[in-house]
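Peer 1: Sequence and computational prediction follow.
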Amino acid sequence: MKMVELAKAHAKALMPSFGDGKEDQRMIEGLTQEITGLIRKSEKKLQRLAAAGPTEDSNIRKNVQVSLNFLLEPTTCDHTCK
């Protein structure tokens, strides 16, 4: 959802306007920081999940970790792979 908001904010900022665009840039920066924070929070949770010792549900934990990494990879790559 935040990524959609960010894409819309970028599109709006690229449109011609009579203002200086500072408000659009502040919105983009705020959304970017919020998304970055959410990604970092998710990565920390994944690391804690991976660090937990072996238990009877370790396969489930591993599957969740792999799934979340798969979901986060395109998001993080969009910002770091350019």
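Peer 2: Arrived safely.

Peer 1: quick one: Leu49 and Ile60 touch, right?
Peer 2: No. With contact defined as CB atoms under 8 Å, Leu49 does not count as touching Ile60 (10.3 Å). Where you see a C-beta, it was placed from the backbone N, CA and C, and this is true even at glycine.

Peer 1: Pick out whichever of those two has more residues nearby.
Peer 2: Leu49 (13 against 10; other CB atoms under 10 Å).

Peer 1: Find the helix or strand that that one is a member of.
Peer 2: Taking DSSP states H and E as the definition, one finds Leu49 inside helix 22-51.

Peer 1: Which neighbouring elements make contact with that helix?
Peer 2: helix 2-14, helix 58-80 (3 or more CB pairs under 8 Å, 6 or more residues apart in numbering; DSSP states H and E).

Peer 1: Could you dump those helices into TSV and include distance to Glu34?
Peer 2: Shown next, in TSV, are the helices and strands packed on helix 22-51 (distance: least, CB to CB, whole Å):
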stretch	distance to Glu34
helix 2-14	6
helix 58-80	13
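
Peer 1: Ok, which of the ones you listed comes nearest Ile35?
Peer 2: Closest to Ile35 of the helices and strands packed on helix 22-51 is helix 2-14 (CB to CB; 5.1 Å).
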